[in-house]
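> Pasting the sequence and the predicted model now:
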Amino acid sequence: MKILFFGDIYGTAGIEMFEEHLKNLKDIYRPNLIIINGENIANGRGINKEIYTKMMMHGVNAITMGNWTWANRDLLNFIDESNVIRPANYKEAPGSGYKIININDKKILIISVLGRIFMNANLANPFEVIDEIITNNKADYILIDVHAEATSEKVAIGHHFDGRVDAVVGTHTHVQTNDERRLPKGTLYISDIGMTGPLDGVIGVEKDIVISRFLTGYSRPNEVAKGPRQLNAVFMNLDKKIIEKIRIKDGD
């Protein structure tokens, strides 16, 4: 089972970068499954029906989310009939925190969870939530998107479920990490896939806005940064236990 997973697509810049490179990446890797993290895809805040429909037309099989899941209320109008996977450890929420997708007579279970460290302590424990889902749902392959701030939390989840799931990938920090590997019991792992969107902002936002916020405690609302763009993704072959980082910048 071959998977292309694109890290947090941020605003129009991210959508355009994804669209421009998708065909070539599909030609190179021949994926069975395409997944994106879409929690920032609508100008940095959630996802709407128009963008969701566009992603489905591009052949995306599943869209995982994160801490900005509910930032665009349009999601409430279509999440129950969609392939959007909101974090499973919201204690009560519309939609589902996992999906089973059938491809070539194989079942792929995709789970999304939010970390709690430095984020939201009121969430259900992601370790317990994942354990319940994989215990109660049989599948040929299992992949987890851990949308979390703390690397330690992501690494701990990877090791805790090593050998029980096929892959644990991290999203949220928008910076691709250099620790892609096969864990001791065979689970593929990376702490963060990175972001698909602006290159020279501060994790997607116009840099002057964020710098002002750090210096003064005040700034205007976030705006998607302009200028050069980047694409960050991973390719995984779950049968051959291969994980490969992908990073493309404008001008490459």
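All right, it came through fine.
> List the residues that contact the closest residue to residue 184 other than its chain neighbours.
Leaving out its chain neighbours, the residue that sits closest to residue 184 by C-beta to C-beta, 6 or more residues apart in numbering is residue 162, at 6.3 Å. Every C-beta, even on glycine, is put in place using the N, C-alpha and C of the backbone. Going by C-beta atoms under 8 Å, 6 or more residues apart in numbering, residue 162 touches 183, 184, 185, 186, 187, 189.
> Tell me how many other residues crowd residue 199.
Other residues near residue 199 come to 17 when the count uses other C-beta atoms under 10 Å.
> Helices of the chain, start to end?
11-29, 49-57, 126-136, 151-160, 207-216 (DSSP state H).
> hang on, isn't residue 83 packed against residue 61?
Yes. Taking C-beta atoms under 8 Å as the definition, residue 83 is a contact partner of residue 61 at 6.5 Å.
> Return every residue with contacts to both of these two.
Joint contacts of residue 83 and residue 61 (C-beta under 8 Å, 6+ apart) are residue 101.
> Sketch out the strands for the protein, chain order is fine.
2-6, 33-37, 62-64, 84-85, 98-103, 106-114, 141-147, 167-171, 181-182, 188-190, 197-198, 229-237, 242-249 (DSSP state E).
> okay, those in TSV with mean pLDDT and distance to residue 47 next?
Output for the strands of the chain, formatted as TSV (pLDDT from 0 to 100; distance: least, C-beta to C-beta, whole Å):
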stretch	mean pLDDT	distance to residue 47
strand 2-6	98	14
strand 33-37	98	10
strand 62-64	98	7
strand 84-85	98	7
strand 98-103	97	15
strand 106-114	98	13
strand 141-147	98	14
strand 167-171	98	14
strand 181-182	98	30
strand 188-190	98	23
strand 197-198	96	14
strand 229-237	98	18
strand 242-249	98	22
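> how about the ones you listed, which one is nearest residue 27?
Judged by C-beta to C-beta, the one of the strands of the chain that comes nearest to residue 27 is strand 2-6, at 11.5 Å.
> residues near the residue nearest to residue 209 when sequence neighbours are not counted, how many?
Once flanking residues are discounted, residue 209 sits nearest to residue 219: 4.8 Å by C-beta to C-beta, 6+ apart. As a burial measure, residue 219 scores 16 neighbours (other C-beta under 10 Å).
> Quick check, residue 219 in contact with residue 206.
No. Using C-beta under 8 Å, residue 219 makes no contact with residue 206, being 9.5 Å away.
> picking that back up, in the sheet, who's paired with the residue nearest to residue 184?
Applying DSSP bridges to residue 162 gives these bridge partners: residue 165.
> Relative to residue 71, how far out is it?
With distances taken as C-beta to C-beta, to the nearest Å, residue 162 is found 33 Å from residue 71.
> go on, residue 125?
Applying C-beta to C-beta to residue 125 and residue 71 gives a distance of 24 Å.
> Check residue 161 too.
Plainly put, residue 161 is 29 Å away from residue 71 if you go by C-beta to C-beta.
> Looking at these two, which one has more neighbours?
Higher neighbour count among residue 161 and residue 71: residue 161, with 24 against 17, using other C-beta under 10 Å.
> pretty sure that one contacts residue 128?
No. Using C-beta under 8 Å, residue 161 makes no contact with residue 128, being 11.9 Å away.
> Done for today, thanks.
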